[in-house]
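Visitor: Provided below for reference: sequence and predicted model.
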Amino acid sequence: MDDLDQPTALLPGDVRMPLLGFGTWQATGQAGYDAVLAALDAGYRHLDTATMYGNEEEVGRAVKESGLRRDDLFITTKLPPDRVGRERETIEASLRALGTDHVDLWLIHWPPSSPADSVPVWRELLAARDEGLTRAVGVSNYSTAQLDELTEATGETPAVNQIRWSPALYDRQRHTEHTERGVVLEGYSPFKASDLSDPVLTRIAAEHGVSPAQVVLRWHIDHGIVVIPKSVTPERIRANFDVWGFALTAEEMRDIDALGG
């Protein structure tokens, strides 16, 4: 699929985030480098890493080796909240490791253990965005109330909240709360939190001539939810990207949503 044809979510500042990304958690060393290179070769243009993954250098090397233009890629990294007070130092280390002068999205990986740190850390992310070190900022593993706290304190709402998400975890109310606030919902662990042998998924997969895993990914995309499957197996990396040749019907979407009941 052509880079420009991939569906995206629009973030503040006219930043376009591809709905399908490549997750790199546990993809480290040579295997991590090979996996990212395979993902870029398969057509992914959105890479998700984090300081705590310990693989930013491999991600950066793969990006360089791919020969792709930096402007054609969307790169996310994340701040471990135990780096309170060292936010600037952390993003600068991430940029050095990734071999880039900016990331597209910087997230707080999970809420700080001390609630008193939550707003100050968020202010540091906003400062990094204003300095051009990241194009957009957001959070991960935050509740709706925690999102609201940041907005109320600073007037700035996180662009993205990356949370565990899958058909079995589908929560219409939580999805609506994000939409109402203009927060893009990004799901991780789409397969770990799914029963890929569920009869609903296998039936719909058979009807489209695809796998249940591909149905799960397409379900996210058709909901406008960003999803970042991860794999280090080249065949699976390619299969997870091959979800553009079909779309789910409204009835199929409802049937899959109901798995979250």
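Guide: Cool, the structure landed. Since the model is a prediction, treat every value here as computed from it, not as a measurement.

Visitor: Helices of the stretch 1-150 of the chain, start to end?
Guide: Counting by DSSP state H, counting those that start in this stretch, one finds helices in the stretch 1-150 of the chain at the ranges 29-42, 56-66, 87-98, 118-130, 144-154.

Visitor: So which of these is nearest I225?
Guide: Set against I225 and scored by C-beta to C-beta, the helices of the stretch 1-150 of the chain come closest in helix 144-154, at 15.6 Å. (Each C-beta comes from the backbone N, C-alpha and C, glycine too.)

Visitor: Can you report how many residues lie near the closest residue to R83 other than its chain neighbours?
Guide: Nearest residue to R83, sequence neighbours excluded (C-beta to C-beta, 6 or more residues apart in numbering): T90, at 4.7 Å. Here the count is done by other C-beta atoms under 10 Å, and T90 has 18 residues near it.

Visitor: going forward, begin numbering at 57 instead of 1
Guide: In the new numbering, first residue 57, that becomes T146.

Visitor: got a list of what T146 touches?
Guide: Listed by C-beta atoms under 8 Å, 6 or more residues apart in numbering, the contact set of T146 reads 107, 135-136, 139.

Visitor: hmm, back to that, G77: which of the helices of the stretch 57-206 of the chain is closest?
Guide: Here helix 85-98 is closest among those (C-beta to C-beta), at 9.1 Å.

Visitor: name the helices or strands packed onto that closest one?
Guide: Counting by 3 or more C-beta pairs under 8 Å, 6 or more residues apart in numbering; DSSP states H and E, the packing neighbours recorded for helix 85-98 are strand 78-79, strand 102-104, helix 112-122, helix 290-297.

Visitor: For the longest one, give the mean pLDDT please.
Guide: Per-residue pLDDT values across helix 112-122 average out to 97.

Visitor: same thing with stretch 81-95?
Guide: For stretch 81-95, the per-residue pLDDT averages 92.

Visitor: Test my guess that G243 contacts P223.
Guide: No: using C-beta atoms under 8 Å, G243 makes no contact with P223, being 10.2 Å away.

Visitor: What separation is there between D70 and S199?
Guide: From D70 across to S199, the span is 28 Å (C-beta to C-beta, to the nearest Å).

Visitor: Comparing those two, which residue is more hemmed in?
Guide: Comparing D70 with S199 by neighbour count (other C-beta under 10 Å), the higher total belongs to S199, at 13 against 7.

Visitor: can you pull the contacts of the more buried one?
Guide: Applying C-beta under 8 Å, 6+ apart, no residues qualify as near S199.

Visitor: Tell me the predicted confidence for it.
Guide: For S199, pLDDT reads 98.

Visitor: Please apply the same query to D59.
Guide: So, for D59, pLDDT stands at 52.
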